[in-house]
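Asker: Predicted model, plus sequence, below.
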Amino acid sequence: MSAIRTEALAKVFDGHPAVDRVTLAVEEGEIFGLVGPDGAGKTTIMRLLTAILEPTSGDAWVAGRHIVREAESIKDVIGYMSQRFGLYTDLTVMENINFYADIYGIPRRGRAGKIDRLLAFSNLAPFKKRLGGNLSGGMKQKLGLACALIHTPRILFLDEPTNGVDPVSRRDFWRLLYQLVHEGVTIFVSTAYLDEAERCSRLALIHKGRLRAVGTPDEIKRLMRASILEVRGTEPRRAAALLRASLEAESVGLFGNRIHVVTRDPVGTTIRVQALLAQGGLPKADIQSVAPELEDVFVSMLDDVKNG
């Protein structure tokens, strides 16, 4: 049995579809990533699956329980960490965890041992007396995770849990997620970070409420039908702007000091890129074909949607 299953799940707000007939299945014990830009429908899907919102149409089951008919029982088997987790800044780490333990009805007997394990797991034991408001961004996320795990959920929903968190804290947070998967927890996580999507067992690319692709990161990369040219040269921002303005039929993305050009004619496009850079007064660039990254696939898909 799938941990999560949806069939033509839809949610409409004021005549606008926020979630548009989404059908997918998440298997037990995997990290499933929902990937898309702001406004794609990620949070709405999270709220539907956690029985916070009712769908306009379609169905979904979480741990075998229907999100409408069995909404209350779903809350017993899931943990949910929203984008704006309800951390109480005037309570200590311990007081926050105990507060959520009370909400979930965790018995006092045996609670201390469970909290100690969560503090050790999240590396928060040295900070258990620190006020929530005095924690760093990464530590707040770890505390949010600890609170979401206090009742030992089978399925964990995380809505952009590392948004705005520094890279080191993001890495540490994902280490914790891998530990949970090893313990049999299924994780459904949304993110706008494509490097994080690479860490998922499988993922779904979503745009304007519709799924555009579902599969492992490698399977999704293989959906790329065009070639990727990586352009390395001086003044990459200026060069990227120049290429975007002139290569109307191609997709141009800036990745740090690298420019990726998606093209179906790599030889011809290479010649055009060098000519355009020369016309713009820029030196000749180093151009080579590279394997696509997830961001290349996603940008290309969005361009196809805009043009189609």
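Answerer: Nice, thanks for sending it over. Numbers count the residues shown, from 1 in each chain.

Asker: quick one: the strands in the protein?
Answerer: Along the chain, counting by DSSP state E, strands occupy 4-13, 16-26, 31-35, 57-62, 65-66, 78-81, 155-159, 186-191, 202-207, 210-215, 227-232, 251-255, 258-263, 286-290.

Asker: right, so of those strands, which gets closest to residue 112?
Answerer: Judged by Cβ to Cβ, the one of those that comes nearest to residue 112 is strand 78-81, at 20.0 Å. All C-beta atoms are positioned from the backbone trio N, CA, C, and that covers glycine.

Asker: Check the burial of the nearest residue to residue 264 once chain neighbours are set aside by counting its neighbours.
Answerer: Spatially, and ignoring its direct neighbours in sequence, residue 264 is nearest to residue 226 (5.0 Å; Cβ to Cβ, 6 or more residues apart in numbering). Other residues lying near residue 226 total 18 when counted by other Cβ atoms under 10 Å.

Asker: can you put the strands of the chain in CSV and add mean neighbour count, distance to residue 98 and mean pLDDT?
Answerer: Formatted as CSV, the strands of the chain follow (neighbours: other Cβ atoms under 10 Å; distance: least, Cβ to Cβ, whole Å; pLDDT from 0 to 100):
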stretch, mean neighbour count, distance to residue 98, mean pLDDT
strand 4-13, 18, 30, 97
strand 16-26, 19, 31, 96
strand 31-35, 25, 29, 96
strand 57-62, 19, 27, 97
strand 65-66, 16, 28, 96
strand 78-81, 22, 16, 92
strand 155-159, 23, 20, 95
strand 186-191, 25, 25, 95
strand 202-207, 23, 35, 94
strand 210-215, 17, 40, 94
strand 227-232, 19, 51, 93
strand 251-255, 18, 45, 85
strand 258-263, 22, 49, 91
strand 286-290, 13, 51, 93
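
Asker: want to try CSV for those, with distance to residue 96 as columns?
Answerer: What follows is these, written out as CSV (distance: least, Cβ to Cβ, whole Å):
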stretch, distance to residue 96
strand 4-13, 28
strand 16-26, 29
strand 31-35, 25
strand 57-62, 25
strand 65-66, 28
strand 78-81, 13
strand 155-159, 17
strand 186-191, 22
strand 202-207, 31
strand 210-215, 35
strand 227-232, 46
strand 251-255, 38
strand 258-263, 42
strand 286-290, 46
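
Asker: Identify whichever of the ones you listed lies nearest to residue 137.
Answerer: Minimum separation from residue 137 across the strands of the chain (Cβ to Cβ) falls at strand 78-81, 13.9 Å.

Asker: Name every sheet partner of the closest one and say whether each one runs parallel or antiparallel.
Answerer: Here strand 78-81 has these sheet partners by DSSP bridges: strand 155-159 (parallel).

Asker: The strands of the chain: which one's closest to residue 140?
Answerer: When these are compared by Cβ to Cβ, strand 78-81 sits nearest residue 140, at 10.8 Å.
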